[in-house]
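Student: sequence isn't available, so here's the structure alone:
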């Protein structure tokens, strides 16, 4: 699920959730066009029937968060990125209408057994993702 990331003193920080449409007219910090995060936000804006041109476009999520922290705008990020900016005085609110989700998975070759190390890596990734998602769910 995508979430609004804004400063704690932003008026939207007082809300339980925020509609994508409410980001119209706000300075938006976008991730570069080649990112899956950008494809997610662009799709949400299309479904919400608003046109947003990012005021800033950055390559790294950490850069987007730093710009938000500096008061230069708001951004939208998936929940799995939250651990990257713990400790900052930012507010994170679910973005709704539309509510978007994306799948994360593994691709393997049918009929082949994974090496033990690859299977262990997959299990570590699954466990870590479950913990991260459980930590951000209300």
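Tutor: On my side now, so go ahead. It should be emphasised that the depicted structure is a prediction, and the values quoted were computed from it without experimental measurement.
Student: so which elements touch the helix ranked longest in the chain?
Tutor: In terms of residue count, the longest helix belonging to the chain (DSSP state H) is helix 116-136. With contacts defined as 3 or more C-beta pairs under 8 Å, 6 or more residues apart in numbering; DSSP states H and E, helix 116-136 has no helix or strand neighbours. C-beta: built from backbone N, CA, C; applies to glycine.
Student: pLDDT (mean, whole number) over that helix?
Tutor: Taken as a whole, helix 116-136 has a mean pLDDT of 82.
Student: off-centre distance for it?
Tutor: On the basis of C-alpha atoms, centre = their mean, to the nearest Å, helix 116-136 sits 18 Å off its chain's mean C-alpha point.
Student: show me what that helix is in contact with.
Tutor: If you take C-beta atoms under 8 Å, 6 or more residues apart in numbering as the criterion, helix 116-136 is touched by 3, 79-80, 82-83, 92, 104, 106, 114.
Student: can I see the domain layout of this structure?
Tutor: 2-96, 103-138 (automatic domain parsing).
Student: fine by me, thanks again.
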